[in-house]
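Peer 1: Just the structure for this:
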Amino acid sequence: MFKHLLRTGTSLLALATLAGCLSSGGDPANPSGSGGSTINPSESEGRVFFIKPGPNATNEMVAAMVQLKPKDTLRFDCGFFELTTGIQISTTEDVIIEGCGMDETFLSFRDSNSQEGFLASNVRGVTVRNLTIGDSPGDAFKLKGVNHGTLKKVRAIWSSGRKTPQETPITAANYRDAVKVQCTDPARHNPANPNPLERDNTSPDYTVSTASGRYGIYPVESRNILVEESESIGASDAGIYVGQTNIAKIRNSRTAYNVFGFEIENVQDGEYSGNLAECNTGGFLIYDLDNLTQYGSRSRMFNNVARNNNTYNFAVPGSIVANVPRGSGLITLAYDKIDIYDNVFENHGTAGIILTSYELLGENGDRRMDVYSEAVNIFNNTFINNGNDLPQPDFASIIATQGGQVTSAFPMLVGLKIAAGGQRYRGAHIVWDGYQDQLNNECELPKDRQGQPVPTDADGKPIQGNANPNPSCRYNKYKFNSNGQRKVPAWWFSCINPNNNFNGDSLNFANFNGTRGLEAVLNLNPSNPAASLTPEFVQSVASGIPQFPATFRIEDHNCLAKFGADLPRLPDFELEPFVPSGEFSPEPTAEAVKALCEVPLKAGEVNEAAFAVNCPDLAQYNLFADPQDPRSMPNSQGMPYVLNSKLFSDYSLKHRVIFVPRGKKANYLADEANRVNATINFPVGTIIAKTFTFVDQPQGKETAYETRLLIKRERKDGNPYWEALEYIWQDAGGGKRKAVLSQGGGKAAASWDYVDVESGKRQQGNTAEYLFPNANQCLICHSNNDVESGSSPIGPKPRNLNREYRNESPLLTAGQSQHPINGKNQIQFMCETGLMQNCPSDLKVNQTTKVAGAVPRIPKFNKPGDSGQPAGSKADIEARARAYLEVNCAHCHNVNGQASNTGFYVDVFRAVDSTYGICKKPTASGSEGRGNRLYDIHPGVSADSIVPYRMGPEAVELAAKMPPLARSVVDTEAVTLINQWIDQVIDSSYENADACQQSNNSGGGLPLIGGLPLVP
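Peer 2: The predicted model follows:
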C-alpha cells in the first residue's frame, strides 16, 4: 500500500551495488589517456569508491559520500553523469573527490534537488580534481568552513543560454565539445535593453543567462584555499570567488562569460597569479562587502591577463554584482593593501583598472567598514586599449528596478566628466573616483558588545566584523598623524609607478571626482535635465562648474616622487601545513553490525549496545513498544517531547522522543544568549528519534513516513559526534510495516487533512515532492561551528522545550500521548525524573501555563498571545514572527551556521537590526533568490522584502525556496505572519531602517533625473 509512494530505492540496494565498486588505494587514478592528474600513493591509504555513469550513479554516489572517512576517495569514471542530488560532504577530513579529467568526467546537475553541485561544509582537508560540474541549480563548487581545500583541474559551466529559448543544453552527446568555450566576440549589449543604438547583443561563442547559477567556484569562510588550473563559464555572479577567507591562492585558472570573472571579497591574505579573465562583464574584483563576518586586507595580483571583458551585465537587476560596468579589467572597492603588478589589462570598454569607494554609491550604513580603498600599489603592468567603448546605461535594469539601480550610468558619467576636463568622451586605462575621507577627530575607537574597545591591527585599524555592534561613526584616526595630516604613502589611495606601460591608444589616468558637480550640471537646464547630459553641452558649459570635470594628474600617484617613498611590497605567504584533527573510528564491519543489531530483544528495553552502529532495520534498536508504530510508548526511559515552534516540513506532524542511556544523565546548560545553537548536553549513547507522519483526520488515519535518528557517538580519539540516520517506512507484507535504513533519501507523495492542535486551524493539502533527506543533507542544517561535530541536535533547546507536553497529533493514541510526561512542563519532568542534572534550583513553573519562569522561552508562532503579550499586539506579532524564523532559519542563519557568510542572522537573542536583515542587501542570493526585491527586510514594505518572498508561493525555483530542504509547499500561516510583522510592526525606529533607499537612485551617488540620454 505504501510502496507506490516511494520514487527511489533504499540505500541498501545502492550499498550492495557499491560493494562491487570498492577498490584498494592502489588502483590507478584514471584510465590511460584521460588527461587527469595521478594520485600520490601517500594520498591513497583509504578506500576508493568508484562510480560509473548510468541510472544507478546517484544512489551509488550518495551511498559512498555518506561513508567517506579520512584518506577515502570518491572517484568518478570518465563519461557523462546525470545526477539528481549534489555531492555533499561534512564534518570529515582528508578526502578526495575526483574524476578522470576535466574534459572527460562531466557531472550534470540539471535535474538535481540540491542547490550546489558540490558542497563541503566544516571539512578539514578536501581535494576536488579532474572533473566538470554542469548546470547546478545554484553554486557549482561551494566550500563553507573548510580548512585546507584544494580545487585542481575542475570546471564549472552552465549550458549556453541556460533556461532561455536560446539554450543549447549540454548532453552526453555534446559535452566534450560544449566545454570548450572560446572568447572571440562577447555580446556587449543587453538584448532586453530598449536602446536602438545597441545591436551587438549576441555572441557566436556563448549566450549568457541570468538563470545560470550564482558562483562557479565558491570557497567562503574558509582557510588555506588553493584553486588552480580550473575554469568557470557562465556564472550569473562570479566565476571563481573566494570570500571571508584567510590565506587563499587562485592561480593558473580561467574565467569566461561570468558577470565577474574572479573575486576576492573580505579576504585576508589573498593572491591571484597566472590567471586569465576574458569575455566576462568585469575581469577581477578585490573588495570588501558590508555587514559580514570579517573585512579584508593584503591581496597580491600578479602575472594575470584581463582581456576583452566586455559582456553586458546579465546579473539580476538590483543585486550587488549588477552594479559592475561592462568593460572593467579590475575593480578595487573598500579594500586596503593590494599589490597589482606584472599584469596585462587589454581591450576593456570602460577602464583597465577602476579604483573606487562606496561613497560613489552613497552613504553605506555599515560604519564598521572602511569604505575607501587605500594602499593600492600598481606597478610594472601593461595597459592596451582601455576606456574607448563606454557602455550605454542599461535601461532594462533601470526599468526593472523602477529606477533603483542606475549605476549602469557610471561609465557615461565618467565619459562626461572626462569630456568636461578637455578630453574626448571616453574612459581610461585607470580611473579613480577621487573620494577621500577627512579626519574624524570626534570618532573614538569602536566597542564590542561587552563595551570594551575592539582590538586593532599593527596599523591601529580596528579589527571588525558583524559580531560587533554597528558604531555611530566611522573611525579613521589610524590613517592620520597627530597633526591631522594623512599618513602617506601608507594610507594614500594608490601608488601608480612610472614603470607601468601605458599604450598611447587610450587616456592613461582620470580622477573623475565621483558625482561631484553633477547636481549643478542638471540644474543648468531644469526643464530638460537629460539635455544637459551630452558631451557637447558638458564640454561647452560644465568645465566651469567646480569639481565636475575630471582631472588627469597621474603624477599625484607617483608616490616616490610625491612622498619620497613607495608602498612596501606585500610579503609572499604560503598555505599552512595540514595537520589531522585526530583519529576517526573506522567503518564498522558487516559482522560487527550483525553482532549488535541481530540480537534477541527484551520487552520494554532499548537495545542500547547497538547505538554504535547503523542497524539496517529501525526495529533492531527496539525503541518503541510496538516496533511497527513509532507513535507507541517508548521503551526504557525514552521521553516524548514537543517544541513551542517547530520546523515546517510540508504540514507533516512530528513525534519526537529522547532516549538517554540508563545510568547516564543529560546536562542542563544555561546562558542560552551566548550559546544560541546549544541544546541540552546529552551523554554519549543518546538517541533522538523524530518520526514524520501525515494525518487524514476525517478518516481517523495517521501514516508514518520516516523516522530520523540522531545518535551521539564517540570517535577513536574520544571526541564526540552525532550521526544522522534516515529510516523510511515501508510495507513489509502481511499487513505489517517496517522502517528501513535509507541513507540515500528519496521522495514521496503525501496528503493531509487535520486540525492543528495549537492554532485550531484546519490544514488540507498534498504534495508530490515530499523529501526524504540523504544523510549528508541532514548535516547542512545540523552542523554548526560551535556545537559537537556531525548532525548535532537543533530542536531540544531549553527555550523551545519550556512548555507542557501535548502530542502534536489530533488523533489520540495509547502510546506517547499517554506517557507520564503528558501535561507536565518538559524541563521540569527531565529534572525531577533524573534524566537531566544541573537544573536551576527553582524552575518557577507556573501551574496554569506550565511555563518555567527561570528558563528562557520562545512562543508558539501560530498562537496569538502565547508570547505573554496581548494577542495581536505589535510585541506579540514580533515575538511570534521571530520564534518562527529562529526555528526555521536560525540553524543556518547564525554566526556559526551554514549561512554565516550571508551576514543575515535570526536567533531570538539578536536585536532586529542590519544583521537581522533590516535594509540589508543580500550577499549571495542569485537571481531566483531575490525576486527583484532589494532588501532582506524592508521596514513597512513586505513587497520589497526578500525573506517573505523566499518563504512564499512566488519562490518556485529550488535556488529560491527557503528553507531549501523539506518544504515543497508554502507555510501560508507563517508567510502571513512575517508579512504582517514587516508591514505593521517594523518601522523607521528600527536600527538601520534609514539605509533603505526610498527614491530612484543607486545609493545617493547617481541620481536619475529626467531620464538618461543616448550618447555615442
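
Peer 1: Only alpha carbons, please: show stretch 693-710 as PDB.
Peer 2: The C-alpha coordinates for stretch 693-710 follow below in PDB (Å, rounded to 0.1, in the frame of the first residue of the first chain):
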ATOM      1  CA  THR A 693       3.600  11.400   9.900                       C
ATOM      2  CA  PHE A 694       0.700  12.600   7.700                       C
ATOM      3  CA  VAL A 695      -2.800  12.700   9.100                       C
ATOM      4  CA  ASP A 696      -6.200  12.200   7.500                       C
ATOM      5  CA  GLN A 697      -8.300  13.200  10.500                       C
ATOM      6  CA  PRO A 698     -11.700  12.700   8.900                       C
ATOM      7  CA  GLN A 699     -10.700   9.100   8.200                       C
ATOM      8  CA  GLY A 700      -9.000   8.700  11.600                       C
ATOM      9  CA  LYS A 701      -5.800   7.700   9.900                       C
ATOM     10  CA  GLU A 702      -2.200   8.700  10.600                       C
ATOM     11  CA  THR A 703       0.700   7.300   8.400                       C
ATOM     12  CA  ALA A 704       4.300   7.300   9.400                       C
ATOM     13  CA  TYR A 705       6.500   8.200   6.500                       C
ATOM     14  CA  GLU A 706      10.000   8.400   8.000                       C
ATOM     15  CA  THR A 707      11.900   8.200  11.300                       C
ATOM     16  CA  ARG A 708      15.100  10.100  11.600                       C
ATOM     17  CA  LEU A 709      17.600   9.300  14.300                       C
ATOM     18  CA  LEU A 710      20.400  11.300  15.800                       C
END
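
Peer 1: what's the pLDDT at residue 963?
Peer 2: With respect to pLDDT, residue 963 scores 75.

Peer 1: so where does the nearest residue to it once chain neighbours are set aside fall, helix or strand?
Peer 2: The shortest distance from residue 963 to any non-neighbouring residue, by CB to CB, 6 or more residues apart in numbering, is to residue 888 (5.9 Å). From N, CA and C alone the C-beta is placed, and that goes for glycine too. Using DSSP states H and E, the secondary-structure element containing residue 888 is helix 874-889.

Peer 1: Not counting its neighbours along the chain, what's nearest residue 604?
Peer 2: Using CB to CB, 6+ apart and skipping residues adjacent in sequence, the residue nearest residue 604 is residue 635, 5.2 Å away.

Peer 1: how close does that neighbour sit to residue 607?
Peer 2: Between residue 635 and residue 607 the computed distance is 9 Å (CB to CB, to the nearest Å).

Peer 1: Give the residues shared as contacts by these two.
Peer 2: Counting by CB atoms under 8 Å, 6 or more residues apart in numbering, the residues touching both residue 635 and residue 607 are residue 622.

Peer 1: Which residues are in contact with the spatially most central residue of the chain?
Peer 2: Centroid check for the chain by CA atoms, centre = their mean gives residue 899 as the closest residue, at 5.1 Å. Each residue near residue 899 by CB under 8 Å, 6+ apart is listed here: 892-893.

Peer 1: Could you measure from it over to residue 293?
Peer 2: For residue 899, the distance to residue 293 equals 11 Å [CB to CB].

Peer 1: just residue 873 next, same as before
Peer 2: Using CB to CB, residue 873 is found at 35 Å from residue 293.

Peer 1: Neighbour count for the two, which is higher?
Peer 2: Neighbour totals were compared for residue 873 and residue 293, and residue 293 leads with 18 against 14 (other CB atoms under 10 Å).

Peer 1: distance of the more buried one from residue 243?
Peer 2: 10 Å.

Peer 1: now swap in residue 877 and tell me
Peer 2: To residue 243, residue 877 is 35 Å away according to CB to CB.

Peer 1: Of those two, which one has the most company?
Peer 2: Legend: neighbour count by other CB under 10 Å for residue 877 and residue 243, higher for residue 243 (26 against 21).

Peer 1: Quick check, that one in contact with residue 903.
Peer 2: No - assessed by CB atoms under 8 Å, residue 243 is found out of contact with residue 903, at 10.8 Å.

Peer 1: what do those two both touch?
Peer 2: Common neighbours of residue 243 and residue 903, using CB under 8 Å, 6+ apart, are residue 292.

Peer 1: okay, now residue 165: neighbour count?
Peer 2: 5.

Peer 1: Make 10 the first number, not 1, from now on.
Peer 2: Renumbered: residue one is now 10, and that last one reads residue 174.

Peer 1: Assign the nearest residue to residue 307 once chain neighbours are set aside to helix, strand or coil.
Peer 2: Nearest residue to residue 307 in three dimensions, chain neighbours excluded: residue 346, at 4.8 Å (CB to CB, 6+ apart). Under DSSP: H, G, I helix; E, B strand; the rest coil, the three-state class of residue 346 is strand.

Peer 1: Go ahead and confirm residue 346 touches residue 304.
Peer 2: No - judged on CB under 8 Å, residue 346 makes no contact with residue 304 at a distance of 11.7 Å.

Peer 1: between these two, which one's more packed in?
Peer 2: More crowded of residue 346 and residue 304, by other CB under 10 Å: residue 304, with 26 against 22.

Peer 1: residues contacting the residue lying closest to that one once chain neighbours are set aside?
Peer 2: Counting by CB to CB, 6+ apart, residue 297 is the residue found nearest to residue 304 once chain neighbours are left out, at 4.9 Å. Residues in contact with residue 297 (CB under 8 Å, 6+ apart) are 274-275, 304-305, 342-344, 378-379.

Peer 1: Can you tell me which of those residues is closest to residue 183?
Peer 2: Checking those against residue 183 with CB to CB, the nearest one is residue 274 at 34.2 Å.

Peer 1: How about that closest one: what's its closest non-neighbour residue?
Peer 2: Once flanking residues are discounted, residue 274 sits nearest to residue 252: 4.1 Å by CB to CB, 6+ apart.

Peer 1: Okay, and the beta partners of the one you found?
Peer 2: Beta-bridge partners recorded for residue 252 (DSSP bridges): residue 229, residue 274.

Peer 1: dump the residue contacts of it.
Peer 2: Taking CB under 8 Å, 6+ apart as the test, what residue 252 contacts is 227-230, 272-276, 298, 301, 910.

Peer 1: Rebuild those residues as TSV, extending it with pLDDT and neighbour count.
Peer 2: Shown next, in TSV, are the contacts of residue 252 (pLDDT from 0 to 100; neighbours: other CB atoms under 10 Å):
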residue	pLDDT	neighbour count
227	96	32
228	96	29
229	94	27
230	92	22
272	96	28
273	95	28
274	95	27
275	95	28
276	97	30
298	90	23
301	87	26
910	78	23
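
Peer 1: Mind putting the residues you listed into a markdown table with distance to residue 953?
Peer 2: Shown next, in a markdown table, are those (distance: CB to CB, whole Å):
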| residue | distance to residue 953 |
| --- | --- |
| 227 | 27 |
| 228 | 31 |
| 229 | 26 |
| 230 | 28 |
| 272 | 26 |
| 273 | 30 |
| 274 | 25 |
| 275 | 26 |
| 276 | 31 |
| 298 | 20 |
| 301 | 22 |
| 910 | 23 |
